[in-house]
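# Sequence below, structure please.
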Amino acid sequence: MPDKQQLPFALTNCHLIDPASGLDEMGAILIEDGKIKAIGADVAGNLPSDILRVDGGGKVAAPGLVDMHVTTGEPGAEHRETLKSISRAAASGGVTSIATMPDTDPVIDDIALVDFIKRRARDTAKVHVHPYAAMTRGLAGKEMTEIGLMLEAGAVALTNGRKAITNAQIMRRVMMYARDFGALVIHHPEDPDLVGNGVMNLGETSTRLGLPGIPAEAETIMVARDIRLAQLTGTRYHAAQVSCAESLDIIRRAKEKGLDVTCGVSINHLTLNENDIGLYRTFYKMSPPLRSEEERQAVIEGVADGTIDVVVSAHDPQDVDTKRHPFAECADGAVGLETFLAAGLRLVHSQQLTLSQLIQSMSATPAKLLGLDAGSLKPGQPADVILFDPDYPWLVDRDELRSRSKNTAFHQARFSGKVLQTYVAGQQVHHYSQ
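Residues are numbered from 1 along each chain as shown. Purely as a prediction, here's the structure:
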């Protein structure tokens, strides 16, 4: 983490967007001692004459993004990604806080490993890094971890990573312990037995490609079960990634009942569909799988109407050893931190989401769910701020990505929207020279 900025300065001539406070106006941000001192249309006119002014050029200034679903290679697979490299990728994508999955080697299922992530991040990372704790030892879904101790050590939530817990009794026990500690349970709702040997969405496209399909029921049945257990135990529950309309129907009904249930969707499922797989393009193999265009439109509507609470990058670095295989044999996952905001802006440009809705789902809401002091530009908050041009055109080149792994699903994609500057605790950690 960078040291706090000592000298006060102001970002002026900015289009201020802060969904947490409803702010949407031209103005300036005064930053002092790593925190936001003042913000608004009248700030620039009241600044001392000797203060450093950084001209925002009329571009958008917003809270730094908070990504709830980031996989790193450290410890155990540093050749794919380290906390240092992942933080550089995050900063360039406007992400100032990341929550890291426990899918490492060893798994983050012990207080010493939670402490390791926090110390390594403190020493090497440019952005805030918040570790998740595994719900079961080795993510095997059989034996509960020391939940309370890991939360006390600094874990911000509980999850079993990309492996669902199929044993309902184990899941119930985890939820009961989590409730007692006020912890959020984040689960990957995908029944591995229904997934079987499936590798993409079950449907006409999978049949045409000759690939075994994964039915939507693999997700919806697990979502329904988890919500029943959440109702039984009174636990805060979050479905990590949903991808189909029926899951949203289940979650809507749970919210109408007043259950403390939330859900997320990956930027991939908002902007891509099963047809993008084309001729077996392995960078599009994901879990859950990319769905049909109808399902993609349904999840976009879910973000717009508030059923889906957060949007995540689902950043999952894989290298040639795991991706350069036949489609059915390669690993799931794609990197996404550096294209996170730009891909989301596609939905703003197509007028399917407002800019405020997008920023809300990528900053304020995930920060609130995880209990982080982030996601807002209110005075007194840490000065985690991004400045971006929502109309800046650019072409994605995987060789220029800051992530150690290059398995992006957006290679050669044309985007409109670029992060120009990223500040963490008032210190600039990324600057893009146009």
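# pLDDT weak spots in the stretch 51-200 of the chain?
For the stretch 51-200 of the chain, no stretch has pLDDT under 70.
# At which residues are the strands of it located?
Ranges of strands within the stretch 51-200 of the chain are 52-55, 60-63, 65-70, 95-100, 128-131, 133-134, 158-159, 184-187, 200-201, based on DSSP state E, counting those that start in this stretch.
# Would you mind saying which of these lies nearest V265?
Taking CB to CB, strand 65-70 is the member of the strands of the stretch 51-200 of the chain nearest to V265, at 9.9 Å. Heads up, the C-betas are built off the backbone N, CA and C, glycines and all.
# What helices and strands are in contact with that closest one?
Packing partners of strand 65-70 (3 or more CB pairs under 8 Å, 6 or more residues apart in numbering; DSSP states H and E): helix 83-92, strand 95-100, strand 261-266, strand 310-312, helix 340-349, helix 365-370.
# How about the contacts made by M176?
T233, T235 (CB atoms under 8 Å, 6 or more residues apart in numbering).
# one more time with 6 Å
For M176, the contact set (CB atoms under 6 Å, 6 or more residues apart in numbering) comprises T233.
# Break this structure into its domains for me.
According to automatic domain parsing, the chain comprises the domains 9-61+382-392+411-431, 64-370.
# Just put the strands of the stretch 51-200 of the chain in JSON lines and tack on mean neighbour count.
What follows is these, written out as JSON lines (neighbours: other CB atoms under 10 Å):
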{"stretch": "strand 52-55", "mean neighbour count": "14"}
{"stretch": "strand 60-63", "mean neighbour count": "27"}
{"stretch": "strand 65-70", "mean neighbour count": "30"}
{"stretch": "strand 95-100", "mean neighbour count": "28"}
{"stretch": "strand 128-131", "mean neighbour count": "24"}
{"stretch": "strand 133-134", "mean neighbour count": "29"}
{"stretch": "strand 158-159", "mean neighbour count": "28"}
{"stretch": "strand 184-187", "mean neighbour count": "26"}
{"stretch": "strand 200-201", "mean neighbour count": "24"}
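# what about these, which gets the closest to I267?
Short answer: strand 65-70, nearest of these by CB to CB, at 9.7 Å.
# who touches the closest one?
Contacts of strand 65-70 (CB under 6 Å, 6+ apart): 94-95, 97-100, 310, 312-315, 362-363, 366-367, 374-375.
# got the CA positions of that strand in CSV?
Output in CSV follows, covering the C-alpha atoms of strand 65-70 (Å, rounded to 0.1, in the frame of the first residue of the first chain):
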residue,chain,number,x,y,z
LEU,A,65,-14.0,0.5,-7.8
VAL,A,66,-14.4,-2.3,-5.3
ASP,A,67,-14.1,-5.8,-6.9
MET,A,68,-15.6,-8.5,-4.8
HIS,A,69,-14.3,-11.5,-6.9
VAL,A,70,-10.6,-11.6,-7.6
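# Kindly calculate the angle that it makes with strand 95-100.
20 degrees (axes from the mean of the first three to the mean of the last three CA atoms, to 10 degrees).
# these two touch, right, V60 and N13?
No: in this structure, V60 is not within contact of N13 by CB atoms under 6 Å, at 11.5 Å.
# Are there helices or strands packed against the longest helix along the chain, and which ones?
The longest helix of the chain (DSSP state H) is helix 217-233. If you count contacts as 3 or more CB pairs under 6 Å, 6 or more residues apart in numbering; DSSP states H and E, helix 217-233 packs onto helix 168-181, helix 245-256.
# And the shortest one, how far out from the chain middle?
Meaning helix 245-256. 21 Å (CA atoms, centre = their mean, to the nearest Å).
# Same question for stretch 249-269.
Centroid displacement of stretch 249-269 relative to its chain, using CA atoms, centre = their mean, is 16 Å.
# With stretch 369-377 instead?
Here stretch 369-377 is found 13 Å from its chain centre; the criterion is CA atoms, centre = their mean.
# Would you work out how far apart the start and end of stretch 119-137 are?
One end of stretch 119-137 to the other measures 22 Å (CA to CA, to the nearest Å).
# what ranges do the helices span in the stretch 251-400 of the chain?
Remark: helices assigned in the stretch 251-400 of the chain by DSSP state H, counting those that start in this stretch are 267-271, 293-304, 320-323, 340-349, 355-359, 365-370.
# can you check the stretch 1-150 of the chain too?
Counting by DSSP H, counting those that start in this stretch, the helices of the stretch 1-150 of the chain are 83-92, 111-124, 147-153.
# so which of those helices gets nearest I267?
I267 lies closest, by CB to CB, to one member of the helices of the stretch 1-150 of the chain: helix 83-92, at 13.8 Å.
# Would you agree H269 is in contact with A245?
No: using CB under 6 Å, H269 makes no contact with A245, being 11.9 Å away.
# Show me which of these two is the more surrounded one.
H269 (26 against 18; other CB atoms under 10 Å).
# measure the nearest residue to that one once chain neighbours are set aside to P288 for me?
Using CB to CB, 6 or more residues apart in numbering and skipping the chain neighbours, the partner closest in space to H269 is S243 (4.9 Å). Taking CB to CB, to the nearest Å as the measure, S243 falls 4 Å from P288.
# want to try a markdown table for the domains of the chain, with distance to L401 as columns?
Shown next, in a markdown table, are the domains of the chain (distance: least, CB to CB, whole Å):
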| stretch | distance to L401 |
| --- | --- |
| domain 9-61+382-392+411-431 | 9 |
| domain 64-370 | 6 |
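# Buried deepest among those, which one?
Most buried of the domains of the chain by mean neighbour count (mean count of other CB atoms under 10 Å) is domain 64-370; its value is a mean of 21.
# what's the straight distance from one end of that domain to the other?
Start-to-end, domain 64-370 (CA to CA) is 15 Å.
# swap in stretch 331-351?
Using CA to CA, first and last residues of stretch 331-351 are 34 Å apart.
# which ones are touching the spatially closest residue to K37 that is not a sequence neighbour?
Sequence neighbours aside, L30 is the residue nearest to K37 in space, at 4.3 Å (criterion: CB to CB, 6+ apart). Contacts for L30 (CB under 6 Å, 6+ apart) come out as A10, K37, A38, V43.
# Which one of these is nearest to R53?
Of the contacts of L30, the one sitting nearest to R53 (CB to CB) turns out to be A10, at 5.3 Å.
# which stretch among the domains of the chain comes nearest R402?
Using CB to CB, the domains of the chain put domain 64-370 closest to R402, at 4.4 Å.
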